[in-house]
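Novice: Here's a sequence, model it:
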Amino acid sequence: MAALQGSLKAIDLASIIRLLAGLEQTGWLHLTQPPWEGRLGFEGGRIVAASFGPEQGLDALDALLLMLPDGHFTFTEGLPPAEPERNLALGPRELQLHLAELARTRAALAGRISSWSVVPRPAAGAVSQEAGEPVALTRSALQILLRVDGRRTVAEIATGHGLARTLNDLLVLHDLGLVQLEAGARAPRAVPGSRITRRQVQGALLAAAGAAAGGVLAVLAGRQRGLWTALPGTEPHPGVAMDTVAGSEGALAMRPGGTGTAPPGQSGLPVGTILDERFATNERRWPDDPQSTAWLAGGAYRLFARRPGSFVAIGVPGLWPLRDVAANATFRKLGGPPGGGYGIIVRDQGPGPRDGLNQLGRFYVLGVGDRGEFGIWRRDLDRWIEIVPWTRTDAVHPGSEANEVEVLALGSRLALAVNGTRLAMHEDATLDVGTVGIFVGGDLNEVALERLEVIALS
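Specialist: Residues are numbered from 1 along each chain as shown. Sure, this is the predicted structure:
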């Protein structure tokens, strides 16, 4: 795997950690934001070492996640950290939960502690409690309160205490009116022990792109949503072989890649989310005819394979061809006999129009069936080529239950995940660029598409 490098302004550190974890990488992630430096050591996707100045282990990991918003990162694949450097032992689920908790803490810091050079001050005005009412403080918060003198910075106060713990204690003291931080509205704090949703612990969408000069790889965008990367330790479906990538020791190799054709008059292509469709309106001009195969109704896009022996394939209106792309969609079966399927189209090269009626095309379909199955196919004009046959899995909800389908096309790699579970990753270099669409198959199968997101990765 070539070195990954980029700016933390473009992708947050938590997303980079999930990316490397999902790819099961081994090596060192170096982080710099002058005058600060830190590093994280990985072995098979697990973080086993962390250092940040005097901070080590979990304290160092927390400090890096909370206080390096504008830094630079470089990941170099290599040998795992040596035994003396190992100071972390978080399991996959523990790591995901910890990242979610720190995300809430970071949100609470917004507008109040933007850097460790902030100087907290004792509150000069009245506190929020009535006079004489006891104020409950932990021993840790009390220690921090005694160190707040209007002269020490956050970094100085945190010495020997741990930066992450210091930040949490300062937030508590600020909320109680005992300490003044930077001017700004008080952001609501998450209640310790509050429920963490599935979306918070899913992996980040894999987002890597080739830089223009010299083919240097840079991570340009990241998302909390989705599972590319998949949660560390998540195994592919046992019935489907997961391909390996030559030259990368089984990891997902990333290489410089070109972009799709830009729209007329547009000199470049945006990277990141280029579509987040909820179907509240039809500003994008989707095919919309209740007497045909697709129409908008009730905040969803309904697709109906009403013609026997024909599928419904609709391209995203106005979308230019893409080479590397991720997409996720929420589908729900509304009616029809058992045996219907639905999914996402990538690398559609025509011929068009992709209007819900045309049956010719060159594209990939990654999808699921209402019997609890998944599969991957390539359309070659008027015939189907099976890449992954229908395969049974408990990860796909059967019948009318909703399924969240996530796909990735990166280089020659095609990957499919459903409801947070990685199911298949295969290589097929036949189609290297094209547009994105949605698919419904099975006679009289009627499906509602509730949401569609498309993320350009290069």
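
Novice: Is the residue nearest to D62 when sequence neighbours are not counted part of a helix or strand, or is it coil?
Specialist: Using C-beta to C-beta, 6 or more residues apart in numbering and skipping the chain neighbours, the partner closest in space to D62 is A164 (3.2 Å). Glycine gets a C-beta too; all of them are placed from N, C-alpha and C. The local conformation at A164, judged by DSSP: H, G, I helix; E, B strand; the rest coil, is helix.

Novice: A164: neighbouring residues, count only.
Specialist: 22 (other C-beta atoms under 10 Å).

Novice: My read is that it contacts L64, right?
Specialist: No: at 9.6 Å, A164 and L64 do not qualify as touching, with contact defined as C-beta atoms under 8 Å.

Novice: where along the protein do the helices fall?
Specialist: 13-22, 57-67, 92-109, 139-147, 154-157, 163-175, 198-201 (DSSP state H).

Novice: Show me the domain layout of this structure.
Specialist: Following automatic domain parsing, the chain resolves into domains at 4-107+195-201, 111-180, 235-255+270-456.

Novice: from the middle of its chain, how far away would the second one be?
Specialist: Counting by C-alpha atoms, centre = their mean, to the nearest Å, domain 111-180 is centred 33 Å from the centre of its parent chain.

Novice: same question, stretch 303-313
Specialist: Worked out by C-alpha atoms, centre = their mean, stretch 303-313 lies 32 Å from the chain centre.

Novice: Now do the end-to-end distance for that stretch.
Specialist: Taking C-alpha to C-alpha, to the nearest Å as the measure, stretch 303-313 stretches 9 Å from start to finish.

Novice: Contacts for it, please.
Specialist: Contact partners of stretch 303-313, identified using C-beta atoms under 8 Å, 6 or more residues apart in numbering, comprise 292-294, 314, 336, 340, 342, 345, 354, 356-359, 361, 363, 365, 437-449.

Novice: in that stretch, what's buried?
Specialist: L303, F304, A305, R306, F311, V312, A313 (16 or more other C-beta atoms under 10 Å).

Novice: Also stretch 318-336?
Specialist: 319-333, 336.

Novice: which one among those gets closest to R93?
Specialist: N328 (21.7 Å; C-beta to C-beta).

Novice: Which residue comes closest to the closest one once chain neighbours are left out?
Specialist: Distance criterion C-beta to C-beta, 6+ apart; nearest residue to N328, sequence neighbours excluded, is E406 at 4.2 Å.

Novice: Run through the bridge partners of the one you found.
Specialist: Taking DSSP bridges as the rule, E406 bridges to N328, A417.

Novice: So it is in contact with T330, correct?
Specialist: No: counting by C-beta under 8 Å, E406 stays clear of T330, with 10.1 Å between them.

Novice: And stretch 68-86, end to end?
Specialist: 22 Å.

Novice: Ok, stretch 305-322 next?
Specialist: 27 Å.

Novice: and it, how far out from the chain's middle?
Specialist: 26 Å.

Novice: going forward, begin numbering at 26 instead of 1
Specialist: Yes, from this point I'll number from 26; that puts the last item at stretch 330-347.
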